[in-house]
Each structure stands twice: as C-alpha cells, then as structure tokens.
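Student: Sequence and computational prediction follow.
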Amino acid sequence: MLKYYIPAALFLIPFAGYSQSRDSSHCRIEGFAVKMDVLSLISSALDKESKSYYLSGEIYFNSKYSLSIDLGTETNTQPGWKLTGKRLGGQFRWYFKQDYCNCSALFAGSYFSFVNTRQSVDYNVPGSKTVSYNISSLEGGISAGFQAIFARHLVIDPAVQFGKEFLHDIHNTEPMNFNNNKPLVIRILLGIGYRF
C-alpha cells in the first residue's frame, strides 16, 4: 500500500516550501486562468483513431504560487475495440525568475492525478484477441516549464511532466496479465488560454 502514497507525497512536498517562504499568513488570490492543451488538439485533428483533450483551471496567489485542477480524456478506437481514459488531477506550482513587467516566469512544481482507463470489446468482430477491462490508477510526479503572459490576459504555457503511474484497481471480464511496473511517464504540454 505504501507505493500508492508516493504520488500524494510528491504533490504535497512543495507546500512545505510554501509555508516556510511566504511573507504573510494570508492567502492573496491574484487571478484565474483557463487553458487548453493545444498539442492534444493538433494530435486529435491529425489522427482519426486517437483523440485527446486536456483542460485546466489555474488560481494564482501570493505572487509566486498557483493551484490548478486538470481534466483530461483520451480515446483510441480500433476495429473491434475502444480504449477510453479519463483523468482528474491537480497541480501546485512555484513561479520564480518572474518578469515583473508582464508576470511571465519559469516554474517548478508537482502534480497528482486519478486515472480511469476502460477498454470495451466488440466480440462480434471476428479474430478479436483483446478483452474488456477497467483500470483505476494513480499518477504523480514533478513538473516544470515557462508561463508567458501577453497583454495581461493571453497565456502561453509550455510544460513538461515527469511522473510514475501506480495501478490501484483492476476489473477485467477475462483472465489476463497486467504489468504493474509502469515505466516513467513523460508528458509534454502546450497550454494556451486566458487569464482573468
């Protein structure tokens, strides 16, 4: 069970630094941004079988920090089966080397996600060797990137995430082997949105 708490620990580590470095005990909300990952939109437009969409809302506070809620969905459709993934997570960021003219800055942080993956199979298709299953997993890790803000509202947010996925629950209709040793997750994002 200990391995399931590792992603949560990675997500909470930066809060210790925040509590020690903040200038006051009050949390000052300084803005809100809504962003969509453009790379997933481009990939979905080019690939007819695979579709993915990511949306996030980010709250800025105390000049250097932010919290965000991230939503995502992925689908892969092939003859005889369909794979659907849904993601709900959060991210904590610390912004540093900030450009005080337009609030653009480098950032480092951590993220944590709950992931549900479901594969449905059409057994009427001949020659199908796959099975139906539902997997719940936890993913956590670190993130880094640069957020540029133009004209005080336009947000361009390239980022990279390094993390690890841990299987939490597996429900399958037929016996099959699952690999519990998931490789390192590397995800590249390009968020574009609007800051209020």
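Tutor: Now that the structure is in, tell me what you want to look at. Residues are numbered from 1 along each chain as shown.
Student: now the strands for the chain?
Tutor: 29-37, 50-61, 65-78, 81-96, 105-121, 133-150, 154-172, 185-195 (DSSP state E).
Student: neighbours around Ile186, how many?
Tutor: 10 (other CB atoms under 10 Å). C-beta coordinates here come from the backbone N, C-alpha and C atoms, glycine included.
Student: returning to what we had before: least reliable of the strands of the chain going by mean pLDDT?
Tutor: When those are ranked by mean pLDDT, strand 154-172 comes last with a mean of 90.
Student: That one pairs with which strands, parallel or anti?
Tutor: Note on strand 154-172: by DSSP bridges, its sheet partners are strand 133-150 (antiparallel), strand 185-195 (antiparallel).
Student: buried stuff in that strand?
Tutor: For strand 154-172, a neighbour-count test (16 or more other CB atoms under 10 Å) marks Val155, Ile156, Asp157, Pro158, Ala159, Gln161, Gly163, Lys164, Glu165, Phe166, Leu167 as buried.
Student: got it, and stretch 46-54?
Tutor: Buried, per 16+ other CB under 10 Å, within stretch 46-54: Lys51, Ser52, Tyr54.
Student: Please tell me how far the first one sits from Ala45.
Tutor: As for Lys51, its distance to Ala45 is 9 Å (criterion: CB to CB, to the nearest Å).
Student: Among the strands paired with strand 154-172, show me which one is buried the most.
Tutor: strand 133-150 (a mean of 18; mean count of other CB atoms under 10 Å).
Student: Return the distance of that one from the chain's centre.
Tutor: Put simply, strand 133-150 sits 3 Å off its chain's centre (CA atoms, centre = their mean, to the nearest Å).
Student: Make 11 the starting number, not 1.
Tutor: Sounds good: first residue 11 from here, last item strand 143-160.
Student: Strand 115-131 and that strand, what's the angle between them?
Tutor: Using axes from the mean of the first three to the mean of the last three CA atoms, to 10 degrees, the inter-axis angle of strand 143-160 relative to strand 115-131 is 150 degrees.
Student: what is the orientation angle of strand 143-160 with strand 91-106?
Tutor: 40 degrees.
Student: Serialize the buried residues of stretch 56-64 to TSV and add fields for distance to Val135.
Tutor: What follows is the buried residues of stretch 56-64, written out as TSV (distance: CB to CB, whole Å):
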residue	distance to Val135
Lys61	20
Ser62	24
Tyr64	30
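Student: From those, pick the one nearest Phe206.
Tutor: Top of the list for closeness to Phe206, among these and by CB to CB, is Tyr64 at 19.5 Å.
Student: which one is that closest one nearest to, not counting chain neighbours?
Tutor: Asp47 (3.8 Å; CB to CB, 6 or more residues apart in numbering).
Student: List the buried residues of stretch 64-82.
Tutor: For stretch 64-82, by 16+ other CB under 10 Å, it's 64-66, 68, 70-72, 74-76, 78, 80, 82.
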